[in-house]
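S.K.: Sequence and predicted model, in that order:
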Amino acid sequence: MLKLRSVGKRSQLVWRLYDAYQPFSTALRQYVEERRLDKLIKLGGWKVAKHRSQPSSDLPFSVFIPVAPKDFPLVSLVVESVRENIKHPIDEIVICAQRSPESVALAAHLNCRFVDEYDVEPIGKSEINYVVNGVDRSSWLYQQFLKFNCHQVIDSRFILVVDADTVFVRPQSFEDDGRIIIDYIGSIHQPYVDLATVLIREMEPLPVSTTCHHILVDSTILQEMKNRIESRHDKKWFEAIQSLMDNREASSFSEYATYGLFVAHNFGADISFRHWRNFSSSKNLRDPDRRVQRTLRPSNWFLTVSFHSWMQKSH
């Protein structure tokens, strides 16, 4: 028993050291990555937004947060972070979820507008068949369809779409000298690019990915993209996406990557790219607010912190 307790203490110490070191190593890696990729972006003819203290912007927009029951413990922190750190006039914050007493009460408690996902969906969840190696990924794809249809229930032209597990931890805006800021990540998941280029066509891959857990969309551009998909494939946009899904690949479509590619190649002069500076936490969500603060202690680098359920471990 003494030996087991000793091993347990050493294990806890290792994890504490790892927790302290991980933000530093992630920030250093992203610093090197950002310097390299900013140069590639500029060589491609696009603008890069500087990571200075982002000034407040007069550009108003709404916020759309699709929420599943697993996200309930974190949503209040996500909403609070939007109100505190997004330096824009916010028309409204919309919580989109399956209607239940809990989801309606949560939206009311946070002073957000509740929207039943049934009123947003272009297709019912039960009508989506996306199973990979025996794992049903239909709900994952359904969430992305909700985001692509957010402008159907929001009047604002610009909509900040935010994943319900991502917290904004630094003041920031999404406008750079009149251009919309699109955040980017260095790692590219090739199946996302392959499907997007076939879906919309006539688009060369970007040197970066825009799959960053949030994106500011222009609803007029989003609708134009969907119209183009329907025209070129002679079917509804969501049917076109489903017809191109690779059932051997667990993640073969990204709403963020598809929209980012479309905007970059058709409205490139109207956007600036910015490194996402995100930290993904693998810790359990027993006290997310405390974990955010612990993550930020050693570094002023990060703009967002994500608590992905698929990464959660019990340390």
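M.R.: Thanks, I have it.
S.K.: drop to CA atoms for contacts and neighbour counts, all remaining ones
M.R.: OK.
S.K.: Could you check how far Arg277 is from Asp183?
M.R.: Going from Arg277 to Asp183 by Cα to Cα, to the nearest Å gives 9 Å.
S.K.: same thing with Trp140?
M.R.: In terms of Cα to Cα, Trp140 sits 22 Å off from Asp183.
S.K.: on that earlier part again, looking at Arg277 and Asp183, which is more packed in?
M.R.: More neighbours surround Asp183 than the other of Arg277 and Asp183, with 24 against 20 (other Cα atoms under 10 Å).
S.K.: who's in contact with the host helix or strand of the more buried one?
M.R.: Here Asp183, judged by DSSP states H and E, is contained in strand 179-184. Outside strand 179-184, the residues that touch it by Cα atoms under 8 Å, 6 or more residues apart in numbering are 49, 174-175, 208-212, 215-216, 260, 269-276.
S.K.: send the alpha carbons of the helix or strand where Ala257 lies over as CSV?
M.R.: Taking DSSP H and E as the criterion, Ala257 maps to helix 255-266. Below are the C-alpha coordinates for helix 255-266, written out as CSV (Å, rounded to 0.1, in the frame of the first residue of the first chain):
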residue,chain,number,x,y,z
GLU,A,255,-18.3,24.2,-41.8
TYR,A,256,-15.5,26.6,-40.7
ALA,A,257,-13.0,25.4,-43.2
THR,A,258,-15.5,25.5,-46.1
TYR,A,259,-16.7,29.0,-45.3
GLY,A,260,-13.1,30.2,-44.8
LEU,A,261,-12.0,28.8,-48.1
PHE,A,262,-15.0,30.4,-49.9
VAL,A,263,-14.5,33.8,-48.4
ALA,A,264,-10.7,33.8,-48.9
HIS,A,265,-11.1,33.0,-52.6
ASN,A,266,-14.1,35.2,-53.4
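S.K.: For Leu296, give me the pLDDT.
M.R.: Note for Leu296: predicted pLDDT of 52.
S.K.: quick one, helices of the stretch 1-150 of the chain?
M.R.: Under the criterion DSSP state H, counting those that start in this stretch, the stretch 1-150 of the chain contains helices at 2-43, 72-85, 101-109, 138-148.
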